[in-house]
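Peer 1: I'd like to go over a predicted model; first the sequence, then the structure.
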Number of protein chains: 2
Amino acid sequence: MATEKTIAFVLYPGCTILDLVGPLQVLSTLAAIRPEFRVVVVAERLEAAETDTPLRVQAGHTFGEVPAPDVLVVPGGEEATMRATADETLLAYVRGAAAGARTVASVCTGSFILGAAGLLEGRRATSHWAMLDALAEFGAVPTRERWVADGPVLTAAGVSAGIDMALHLAAELSGEQTARAVQFGLEYDPEPPLGALDWDRAPRAAYAVVTRRWVREALGATPLAERLIARLGDDG
Amino acid sequence: MATEKTIAFVLYPGCTILDLVGPLQVLSTLAAIRPEFRVVVVAERLEAAETDTPLRVQAGHTFGEVPAPDVLVVPGGEEATMRATADETLLAYVRGAAAGARTVASVCTGSFILGAAGLLEGRRATSHWAMLDALAEFGAVPTRERWVADGPVLTAAGVSAGIDMALHLAAELSGEQTARAVQFGLEYDPEPPLGALDWDRAPRAAYAVVTRRWVREALGATPLAERLIARLGDDG
């Protein structure tokens, strides 16, 4: 099995569960079709962890068991993700795994973890729309797209964008025909019942209040917190 | 708190995790904005359960603790879901919870569980495209739409359709303005990288083989299994 390729999803307490499960479903379906891929969920500890919903989730492997995946996917979240940007155990794993990976991916504010790990310096990257500008704090070039590929770094916009990003990644890993088979499996033919988002009506002021609170409560009065908060927009 | 409304997600071993998590993320975001809603995940037992991916998940409440939710959501899956159609404990819970619920919803082949519980008789309903025709076995009128509402029964097409269905439900429960806020929260502005599905190229023959195997392995040689298999298309 020298050719087996490992796709590792990073789990940490409190993450947004759809950030994780959207790409996980896509790439697990890929692995069911193409057995040369192996999908694992890794965490610092194997106990069941909280998410941002009432569902608790459990990884199958510790960081130490999967030191060198071919693909790494890091989900985002709210306050918990801001806290994770200061979790040295998590950052050391992401940094080490990224060193040998073909692709290091994030969903939503998971890009802040990549940034804190030093992986976004000089790179185009995206994040949830409400926090995108603050990504510049890590040397990234904030880029407003559904997903952004820059070298080995692949970042997705907010939450549901992870599904689109993962289908793109499936096509990169295994070709468009396989990615289409995955898309049929997930019946991914979206019909948002209220139509596309009208970005002129995005609740920017409300989110500026909330995202600054996440940073403050997660990181306290550290210099990084101050700099992130300064970039998180005004209320108007 | 007499006006608190409970939205219960049913968890059973082996279900397709995105079927559960798509609507869970949508409706948990609704509950974060509108605290009159309470979201719970219910299961027969509280131990961590397998899913169709390497992620294990854990409910917060047993069936007995949430006998009368306002909304019930039942995810689908593959062989595990076919097995669940013969799980009398699960069916009794779904039947009892449905009796007083405003809405009983399913995602993907979760509609087979609603059917086995006797809830689809004479109703229009949908399911994953590859199994939709067989839903007629439960007296349903198989209907090829992204989601189908018929009285209190709301069914979604395959896997990712649960997100669209849940946004529709959020608008029903709390108005379009709130549903739009949820949609911004999830940044649900899909861009499938390979475009929409081309249904003329759906892998129907391959799925007919696979879905018949799910039914056979889950239900053996029972009369229901024979009748479902007869409806699961031919290979050509």
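Peer 2: Now that the structure is in, tell me what you want to look at.

Peer 1: Pretty sure residue A:192 sits against residue B:191.
Peer 2: No: Residue A:192 lies out of contact with residue B:191 (C-beta atoms under 8 Å); the separation is 11.5 Å. Any C-beta I mention is one placed from the backbone N, CA and C, and that applies to glycine too.

Peer 1: Report the buried residues of stretch A:24-36.
Peer 2: Of the residues in stretch A:24-36, those with enough neighbours to count as buried (16 or more other C-beta atoms under 10 Å in any protein chain shown) are A:24, A:25, A:26, A:27, A:28, A:29, A:30, A:31, A:32, A:34.

Peer 1: Please name the residues that touch the closest residue to residue A:134 other than its chain neighbours.
Peer 2: Among residues not flanking residue A:134 along the chain, residue A:231 sits closest, at 4.1 Å (C-beta to C-beta, 6 or more residues apart in numbering or on different chains). Residue A:231 sits next to A:133, A:134, A:136, A:137 when contact means C-beta atoms under 8 Å, 6 or more residues apart in numbering or on different chains.

Peer 1: I'd like to know which of those residues is nearest to residue A:215.
Peer 2: The closest of those to residue A:215 turns out to be residue A:134 (C-beta to C-beta; 8.1 Å).

Peer 1: Can you list phi and psi of that closest one for me?
Peer 2: Per-residue torsions, residue A:134: phi -70, psi -10 (degrees, to the nearest 10).

Peer 1: Could you double-check that it lies in contact with residue A:228?
Peer 2: Yes: in this structure, residue A:134 is within contact of residue A:228 by C-beta under 8 Å, at 4.9 Å.

Peer 1: Of these two, which one has the most company?
Peer 2: Between residue A:134 and residue A:228, counted using other C-beta atoms under 10 Å in any protein chain shown, the more crowded position is residue A:228 (27 against 24).

Peer 1: show me the contacts for the more buried one.
Peer 2: Per C-beta under 8 Å, 6+ apart, neighbours of residue A:228: A:82, A:134, A:137, A:215, A:219.

Peer 1: hmm, which of the residues you listed are the buried ones?
Peer 2: The neighbour-count test (16+ other C-beta under 10 Å) marks A:82, A:134, A:137, A:215, A:219 as buried among these.

Peer 1: Secondary structure element holding the fourth one?
Peer 2: Which is residue A:215. Element membership of residue A:215, judged by DSSP states H and E, is helix A:204-219.

Peer 1: Contacts only, for residue A:13.
Peer 2: Residues near residue A:13 by C-beta under 8 Å, 6+ apart: A:49, A:50, A:80.

Peer 1: Present those residues as CSV; the columns should include secondary structure, pLDDT and distance to chain B.
Peer 2: Formatted as CSV, the contacts of residue A:13 follow (DSSP: H, G, I helix; E, B strand; the rest coil; pLDDT from 0 to 100; distance: C-beta to the nearest C-beta, whole Å):
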residue, secondary structure, pLDDT, distance to chain B
A:49, strand, 96, 10
A:50, coil, 97, 10
A:80, helix, 98, 14
